[in-house]
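In: I'd like to go over a predicted model; first the sequence, then the structure.
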Amino acid sequence: MERIEVPGRAAREPQTGVDRPRAGEGRRVRRHDPERRTRILDAALDVLVTDGAGGITHRKVAARADVPLGSVTYHFSSLAELQAQAFAWYVEQRTAQFADLFTQVATREDLIEVLVDLVQGGPSRRRSAVLGFELHLAAVRNPALRALTQQWTTDSRAVLARFTGPQTAAHLDALLEGLIMHALLATEPEPRQKTRATIVQALPPVTGPGE
């Protein structure tokens, strides 16, 4: 019997019984991404800054982190858990950063300059302040978050107490929170000298290293 050639058939490879995947087809390769959970938390903090605790959603966080929506719900079973873990991650970072600010403080003048910078910081400081107040606002209705803010306050005052003693540290911590809130809400920045004068008035002689 004469063999009939089908156009284009001769150029094809012999069939093996298994279809070969076309370019771009086949099972999607799973990327090894050990930092994904942290990236999601950082993205959640970004959303908290821009949209507040009332505006955070899994979808917004996934878009900001550039991960599939399923990755967010895989790591965090609920929106409440995601928000709580994001705030905890923020406090962990902020506590370490706060302590680092005072590593070179040896005199009263050093301490004053660090505290003034803390109040009058730039955009990165503003972001941190917004997150701090979002956390405190959320904690009003969430006892678990209140425990987090209380520990944060305790740790911050312990750092200040190294230079001022515990009683002054508590007063100074409350003063700093008020000054930072006013700086955040002000339509015009307060002169640095005015901030400095307020801190100087509240600060007794330094009792820490170098004095």
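Out: Structure received. Not measured: the values here are computed from a predicted model. Numbering: from 1, shown residues only.
In: Can you name the secondary structure element that comes next after the helix or strand of the chain at the bottom of the mean pLDDT ranking?
Out: Within the chain, no helix or strand scores below helix 123-139, which has a mean of 92 by mean pLDDT, DSSP states H and E. The helix or strand immediately downstream of helix 123-139 is helix 143-164, counting by DSSP states H and E.
In: ok, and for that next one, which residues are buried?
Out: 145, 148-149, 152, 156-157, 159-164 (16 or more other CB atoms under 10 Å). All C-beta atoms are positioned from the backbone trio N, CA, C, and that covers glycine.
In: now do stretch 128-137
Out: Buried residues in stretch 128-137, defined by neighbour count with 16+ other CB under 10 Å: 128-136.
In: Then stretch 73-82?
Out: Within stretch 73-82, judged by 16+ other CB under 10 Å, the buried ones are 75-76, 82.
In: All the strands of this protein, residue numbers only.
Out: Assigned strands in the chain: none (criterion: DSSP state E).
In: could you pull out the helices for it?
Out: Taking DSSP state H, the helices of the chain run over residues 36-51, 58-65, 69-75, 79-101, 108-119, 123-139, 143-164, 166-185, 192-202.
In: Leaving out the residues flanking it, which one is nearest to the residue positioned nearest the centre of the chain?
Out: The centre of the chain sits closest to residue 90, judged by CA atoms, centre = their mean, with a distance of 4.1 Å. In space, and not counting its chain neighbours, residue 90 is closest to residue 131: 5.2 Å by CB to CB, 6 or more residues apart in numbering.
In: Okay then, goodbye and thanks.
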